[in-house]
Every structure is written in structure tokens, then in C-alpha cells.
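Chemist: okay, here's the prediction I keep looking at, along with the sequence it came from:
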Amino acid sequence: MRPVLVRCNRCGSAAAIDSSKEISDVVKHLYCMCRNVECGHTFVVSMEFSHTLSPSALDLPEDVRERLKGYSRSQQQLLFSSIQS
Ligand SMILES: [Zn+2]
């Protein structure tokens, strides 16, 4: 997974995330510092969960998850595509 890239809204350069603070289960504040030495802008970016694209496997019952471990990734995708249609 690629790291989160935050750009400075003042100069457009990449910014480093120095720290973060969890505001709620779905909102996190990222404390950022612009890497452009001529800018030096420090700022806060709000990151918010939007919506699910594919449900978590953790939402499945434990016994179903255990049985799925024996399936290959392609077998799992085939099984779930047949359920959805
Ligand atoms: Zn900047």
C-alpha cells in the first residue's frame, strides 16, 4: 500500500505527516509540515472515512471465515460473485 501523500495547499510541495490525532471512529487529523524549506507551512488535514467498497471479511461469521481459508483467492472471488448476482 502506498503511503498517504499530502500536498501543501500553499505551494503544492509534498508535506510530511508529523503526527495524527483520532477525532472519532471515522475522522482523523493529520498534523503536516511542508517539505519545501522556502515555505515551511505547517497545517492540519482532516481525513474522513467515506464508504465501503467491499465489506470486511471480519463481518462474516467465524465458522465461514475458517472454511474460506482453504479456498484460493480466485475461488473466493468466484464464490462471492455468484452470491452477489
Ligand atoms: Zn508549502
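Modeler: On my side now, so go ahead. This one's a predicted model, so the numbers in the text were calculated from it and none came from an experiment.

Chemist: would you list every one of the helices in the protein?
Modeler: 62-68, 73-84 (DSSP state H).

Chemist: which residues touch the closest residue to residue 47 other than its chain neighbours?
Modeler: Distances taken as Cβ to Cβ, 6 or more residues apart in numbering put residue 28 closest to residue 47, at 4.8 Å, once the chain neighbours are dropped. To be clear about C-beta, it is placed using only N, CA and C from the backbone, and glycine gets the same treatment. With contacts defined as Cβ atoms under 8 Å, 6 or more residues apart in numbering, residue 28 is in contact with 20-22, 46-48.

Chemist: hey, what's the residue lying closest to residue 4 once chain neighbours are set aside bridged with?
Modeler: Nearest residue to residue 4, sequence neighbours excluded (Cβ to Cβ, 6+ apart): residue 17, at 6.9 Å. In this structure, residue 17 bridges to residue 32 when assessed by DSSP bridges.
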